[in-house]
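[1] sequence and predicted structure below; questions after.
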Amino acid sequence: MSWGRIFGIYTGAFVLFTFILAGLEYAQLIPNRGIAYTYLIVTIGVYALIGVLSRTAKPDQYYVAGRGVPAFFNGMATGADWMSAASFISMAGALYATGFDGLAYVTGWTGGYVLLAIFLAPFLRKFGAYTIPDFLALRYGGNGARVVGIVMAIGASFTYLIAQITGVGIIMGRFLGMDFNVGAFVGLAGILVCSMLGGMRAVTWTQVAQYIILIIAYITPVAMLSYKHFGVPLPEFTYGQVLQDITAIEKQLGVAKLWVDMAPGGMLNWFALCFCMMVGTAGLPHILMRYYTTPSVKQARDSVGWSLFFIFLLYFTAPAYGAFAKWTVLKDVIGRKVTELPAWVNRWGDNILGQPLNSLGLFDIVDKNNDGVLQLADFVIKSTDFVVLATPEIAGLPFVVTGLVMAGGLAAALSTADGLLLTIPNALSHDLYYKIINPQASIVKRLTTARILLVVAAVAGAYVATFRINIIVAVVAYAFALAGSGFFPALVMGIFWKRANKQGAIAGMVVGFLTALVLIVLGRNWGIYVFGIKEIGSGVIGVPVGFLVIWIVSYMFPPPDRQTQDLVESVRYPKGTTLRLAGVE
Amino acid sequence: MAQPHEIDQKTRDAYWKETMRITWIILVLWFVSWVGPLVLHNWLNKIVLFGFPVSFWFEAQGSLAFFIVLIVWYAVHMNRLDKKYGLQEDQV
């Protein structure tokens, strides 16, 4: 049976399953918590099943899925790998809060794929290594570049991983009333079953399954909301109407900065943030790694297109989410009498007019001046996550859709965690253990090491997540500046400039990374902004610095040897093999 | 199996030159597509089409769709280029 057929049936079965649950809810045969638990058990069960069926003992299957993933499915898997808990749950909320200014994330987290397509993906595939540090080591020679690559890959991936586990814990808490620590470890168990036995092969097919669930879950509620108001279930097109209404209401209320407009003087930082997210996207190892898994260079090129298409489906819906939520609040809450509040505020609110309803609530409603009418300031947001989470109820949909959103958020967090959790142990087992410490290690020994390290990384990630360190969420945003400034210049120069040598690359990676790091520390701790650029966009300085340092330092040292130059040459053309030239195979 | 150095240098140089050309074209279009609507924000956002202020629409949806077009264009063009120069990969 073809993969297309299998996943077609899978999608049908999932939709049918949702309708059955809806029927049970309608007949009042199942309580809300029962629905949430059914979703949790069934989806994690499916992921685990795929993980077990895909178990493997071959290194090329474990590390790069046997390089047999068709472009279309690699695109879906990359989509799930890429879209994290933050994209699924928090991005629409950020748009709600900031309007145009938040769009830097929407454009930034998609535009990076153009850079990936023209500078990296096809060439990395042609190169045919297992990991990103592998590429750096073979291109620049010696273990110096490899070690710098290992440290940066693990640093970026580990903070990102903690954020995903935190996301899983929060979702479990909100929907199932589970204790955060228990939720984090349950999610962790799910991730481990997926990735431990089958490595990249298992993770790839699990991510395809997770993508299907997350995209259905994301689009359904807002599509129904659009249908309710405009008779067309295409919120991406109907929200123009909503934008006009928002502007009209805001003008009436006398709001200074309109939702659709940029904050005054915000252009430079908008640019910096967007640029940073783009280059960061093209520098994150868990995404780059995915393009090693396609069968050919041609398919790697096609696959970037599919990746962005599947990511696009979610990202071009997100602004509609933000707009519909903004509209609903402006129309149904603000300016209303306290006696005529809509029902959805009771489920997602914390303290509604003095009544504590839900300690995990996402906003408060207070009548500050006691006039019986709600003003803008009376709607106090504690977490803008309410935008995605409350939309099913705003649209008047049954609880089963809320359960679906939970399953989608979980799929988004788990699929990203899967990918990250492979990057860390692979960097350690393949690059550090096999390539540096023990090159004579047998295949069995290498894969066993990889699996043990996977468990260690997972448990360490979950353990750190239980501390609930607030800085983690911010650090994830910084990971883009750091990965972009550290990796991107060395990778691109390695392919496009034969003259780039070991000294230049190592210096460029270290200095680029440190530049971004210093700017982040300066901005975060002391509010010192170089050129007025906020720390989150520091990659806009770090990336050019990285390129410049590689260029200057490379010229200070002799050019790379003939063999390395041949290697670069061979990476540029799809024909022929590459690794044989590098003396590996 | 054919190694790239078995193909003459002239062919390889011509291929790489064309590759660099499309790379630059796409890089410039990519940059303009998201920086343009940003720089012209104050002016473009006053124009409203189908309810959407134009600058907002580009950064929310328009540029994103254009990114896909760019990537597909690059893939189609490069796959054609491989064939033209006989540099497509060996069949496995």
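    Happy to help now that I have it.
[2] what residue in the stretch 351-500 of chain A comes nearest to chain B?
    With C-beta to the nearest C-beta, the shortest gap between the stretch 351-500 of chain A and chain B falls at residue A:496, namely 8.3 Å. All C-beta atoms are positioned from the backbone trio N, CA, C, and that covers glycine.
[3] for that residue, which non-adjacent residue is spatially closest?
    Leaving aside its sequence neighbours, residue A:496 sits nearest to residue A:119 (C-beta to C-beta, 6 or more residues apart in numbering or on different chains; 7.4 Å).
[4] just residue A:368 next, same as before
    The nearest residue in space to residue A:368 (C-beta to C-beta, 6+ apart) is residue A:378, at 5.6 Å.
[5] contacting residues for that neighbour?
    Counting by C-beta atoms under 8 Å, 6 or more residues apart in numbering or on different chains, residue A:378 touches A:334, A:365-368.
[6] any idea of the pLDDT on the residue nearest to residue A:496?
    If you check residue A:119, the pLDDT there is 95.
[7] low-confidence ranges in the chain?
    If you meant another chain, say so; for now it's chain A. Under the criterion pLDDT under 70, the flagged ranges of chain A are A:470-473, A:578-585.
[8] nope, chain B
    Applying pLDDT under 70 to chain B picks out residues B:1-6, B:91-92.
[9] would you agree residue A:61 is in contact with residue A:197?
    No: look at residue A:61 against residue A:197 with C-beta atoms under 8 Å: they stay out of range, at 10.9 Å.
[10] so what's the residue count around the nearest residue in space to residue A:428 that is not next to it in sequence?
    Residue nearest to residue A:428 in three dimensions, not counting chain neighbours: residue A:453, with 5.1 Å by C-beta to C-beta, 6+ apart. Burial of residue A:453 is recorded as 18 neighbouring residues (other C-beta atoms under 10 Å in any protein chain shown).
[11] quick one: contacts for residue A:453?
    The neighbourhood of residue A:453, defined by C-beta under 8 Å, 6+ apart, consists of A:424-425, A:428-429.
[12] returning to that earlier point: how about the residue of the stretch 351-500 of chain A closest to chain B, phi and psi?
    phi -100, psi -10 (degrees, to the nearest 10).
[13] quick one: neighbours of it, just the number.
    When neighbours are counted by other C-beta under 10 Å, residue A:496 registers 17.
[14] repeat for residue A:467
    Residues near residue A:467, counting by other C-beta under 10 Å, number 10.
[15] from chain B, which residue is nearest to chain A?
    Relative to chain A, the nearest point of chain B is residue B:51 (2.6 Å; C-beta to the nearest C-beta).
[16] how about that residue: what's its closest non-neighbour residue?
    Excluding the flanking residues, the one nearest residue B:51 by C-beta to C-beta, 6+ apart is residue A:240, at 2.6 Å.
[17] tell me who's in contact with that neighbour.
    Applying C-beta under 8 Å, 6+ apart, we find residue A:240 in contact with B:50-52, B:57.
[18] what helix or strand is it on?
    Per DSSP states H and E: residue A:240 is located in helix A:235-253.
[19] next, the buried residues of that helix.
    By 16 or more other C-beta atoms under 10 Å in any protein chain shown, the buried positions in helix A:235-253 come out as A:235-236, A:238-247, A:249-250.
[20] quick one: distance of that helix to the chain centre.
    29 Å (C-alpha atoms, centre = their mean, to the nearest Å).
[21] and whatever helix or strand comes next after it, which residues are buried?
    Next in sequence after helix A:235-253, counting helices and strands by DSSP H and E, comes helix A:267-281. Buried residues in helix A:267-281, defined by neighbour count with 16+ other C-beta under 10 Å: A:269-281.
[22] hmm, helix A:267-281 in reach of chain B?
    Yes: counting by C-beta under 8 Å from any C-beta of the partner chain, chain B is contacted by helix A:267-281 at A:267, A:270-271, A:274.
[23] contact partners of the next helix or strand after that helix?
    Once helix A:267-281 ends, the next helix or strand along the chain (criterion: DSSP H and E) is helix A:285-288. With C-beta under 8 Å, 6+ apart as the test, helix A:285-288 has contacts from A:78, A:81-82, A:116, A:120-121, A:124, A:131-132, A:153, A:156-157, A:160, A:281-282, A:416, A:419-420, A:422-423, A:427, A:483, A:487, A:491.
[24] count of residues packed around residue A:260?
    When neighbours are defined as other C-beta under 10 Å, residue A:260 has 22 of them.
[25] my error: substitute residue B:69 in the last question.
    Using other C-beta under 10 Å, residue B:69 has 13 neighbouring residues.
[26] quick one, longest helix in chain B?
    In terms of residue count, the longest helix belonging to chain B (DSSP state H) is helix B:9-39.
[27] counting contacts, what elements does that helix pack onto?
    Under the contact criterion of 3 or more C-beta pairs under 8 Å, 6 or more residues apart in numbering or on different chains; DSSP states H and E, helix B:9-39 touches helix A:103-115, helix A:267-281, helix A:562-572, helix B:54-57, helix B:63-84.
[28] show me what the shortest one is packed against.
    On a contact count with 3+ C-beta pairs under 8 Å, 6+ apart, helix B:54-57 meets helix B:9-39, helix B:41-44.
[29] possible to save the ones you listed as CSV with distance to residue A:67 and mean neighbour count?
    CSV is the format used below for the helices and strands packed on helix B:54-57 (distance: least, C-beta to C-beta, whole Å; neighbours: other C-beta atoms under 10 Å in any protein chain shown):
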stretch, distance to residue A:67, mean neighbour count
helix B:9-39, 23, 15
helix B:41-44, 44, 15
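[30] could I get the ones you listed as JSON lines with distance to residue A:293?
    JSON lines is the format used below for the helices and strands packed on helix B:54-57 (distance: least, C-beta to C-beta, whole Å):
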{"stretch": "helix B:9-39", "distance to residue A:293": "23"}
{"stretch": "helix B:41-44", "distance to residue A:293": "40"}
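[31] if I look at the residue nearest to residue A:253 when sequence neighbours are not counted, how far off is residue A:164?
    Nearest non-adjacent residue to residue A:253, counting by C-beta to C-beta, 6+ apart: residue A:376, 6.4 Å away. Separation of residue A:376 from residue A:164 (C-beta to C-beta, to the nearest Å): 34 Å.
[32] and residue A:483, by the same measure?
    According to C-beta to C-beta, residue A:483 and residue A:164 sit 16 Å apart.
[33] let me see the contact set for residue 15.
    You didn't pick a chain, so chain A it is. Counting by C-beta under 8 Å, 6+ apart, residue A:15 makes contact with residue A:216.
[34] oops, I was thinking of chain B
    A:573, B:81, B:85, B:87.
[35] how about residue B:78?
    The contact partners of residue B:78, taken as C-beta under 8 Å, 6+ apart, are A:122, A:301, B:19, B:22.
[36] tell me how far the last one lies from residue B:78.
    What it means is residue B:22. Residue B:22 is 7 Å from residue B:78, by C-beta to C-beta.
[37] all strands for chain A, in order.
    Secondary structure of chain A (DSSP state E): strands at A:349-352, A:355-356, A:363-365, A:379-381.
[38] dump the ones you listed into JSON lines; add mean neighbour count and distance to residue A:215 as well.
    Formatted as JSON lines, those follow (neighbours: other C-beta atoms under 10 Å in any protein chain shown; distance: least, C-beta to C-beta, whole Å):
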{"stretch": "strand A:349-352", "mean neighbour count": "20", "distance to residue A:215": "29"}
{"stretch": "strand A:355-356", "mean neighbour count": "10", "distance to residue A:215": "36"}
{"stretch": "strand A:363-365", "mean neighbour count": "20", "distance to residue A:215": "27"}
{"stretch": "strand A:379-381", "mean neighbour count": "15", "distance to residue A:215": "27"}
